[in-house]
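Asks: generate a structure from the sequence data that follows.
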Amino acid sequence: WTLRADLGYSRMDVAAEALVGQTGAVFLYDRMDVVNAGLGVEARLTSQRSHPFVAGSVVISRLDPGWADELAQTNWGARLGMGYLHSFRHVWGLRFEARLTRTAFSLGDFVPPADTYTQPEIRLEGADHLLFFEFLIGLQASF
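Replies: You can find the predicted model right below:
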């Protein structure tokens with residue numbers, strides 16, 4: 001077993017559908033930056049220098065919208081992963097890892113403002129529980 005810490009960044013596009021005449025269209029509503037920091041454990045599945053592994057972490061996620069500042073929030077989540085470390089000599093290694101992170105973000109009472117004189121009917125369909133799937137390839141140095 002080893003202790004591990006992770007830090008990740010991603011950018012999400014948030015889409016909005018709107019009526020345009022008699023048809024609908026999809027527009028970019030906002031771009032949100034997501035920072036995930038995790039602390040957990042990693043378990044080797046064999047005693048060989050090159051080995052498969054499984055990992056589990058507790059994750060804190062920060063959501064920073066580019067435009068809708070009232071949606072900014074920080075939440076807790078969990079991460080599970082599995083992978084393979086191919087060791088080159090005693091110091092260097094190549095890591096392949098797939099992991100799944102689940103966290104929750106809330107819309108709360110947020111209603112997007114409209115550029116019209118009257119507020120049109122807006123229906124929000126938010127995903128309160130987000131799943132991030134990541135596939136990582138990395139170079140590892142062990143000292």
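
Asks: in its sheet, which strands sit next to the helix or strand where residue 19 lies, and in what direction?
Replies: Taking DSSP states H and E as the criterion, residue 19 maps to strand 2-20. If you go by DSSP bridges, strand 2-20 pairs up with strand 23-44 (antiparallel).

Asks: ok, then the element right after the strand it pairs with?
Replies: Using DSSP H and E, the helix or strand that follows strand 23-44 in sequence is strand 51-65.

Asks: name the helices or strands packed onto that next one?
Replies: Counting contacts by 3 or more C-beta pairs under 8 Å, 6 or more residues apart in numbering; DSSP states H and E, strand 51-65 packs against strand 2-20, strand 23-44, strand 73-88, strand 92-104. Heads up, the C-betas are built off the backbone N, CA and C, glycines and all.

Asks: angle of the shortest one against strand 23-44?
Replies: Direction vectors for strand 92-104 and strand 23-44, defined by axes from the mean of the first three to the mean of the last three C-alpha atoms, to 10 degrees, enclose an angle of 130 degrees.

Asks: show me which residues of strand 92-104 are buried.
Replies: Within strand 92-104, the residues scored as buried using 16 or more other C-beta atoms under 10 Å are 93, 97, 99, 101, 103.

Asks: now do stretch 58-66
Replies: Buried, per 16+ other C-beta under 10 Å, within stretch 58-66: 59, 61, 63, 65.

Asks: can I get those in JSON lines including pLDDT and distance to residue 110?
Replies: Formatted as JSON lines, the buried residues of stretch 58-66 follow (pLDDT from 0 to 100; distance: C-beta to C-beta, whole Å):
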{"residue": "59", "pLDDT": "96", "distance to residue 110": "23"}
{"residue": "61", "pLDDT": "91", "distance to residue 110": "18"}
{"residue": "63", "pLDDT": "88", "distance to residue 110": "12"}
{"residue": "65", "pLDDT": "89", "distance to residue 110": "10"}
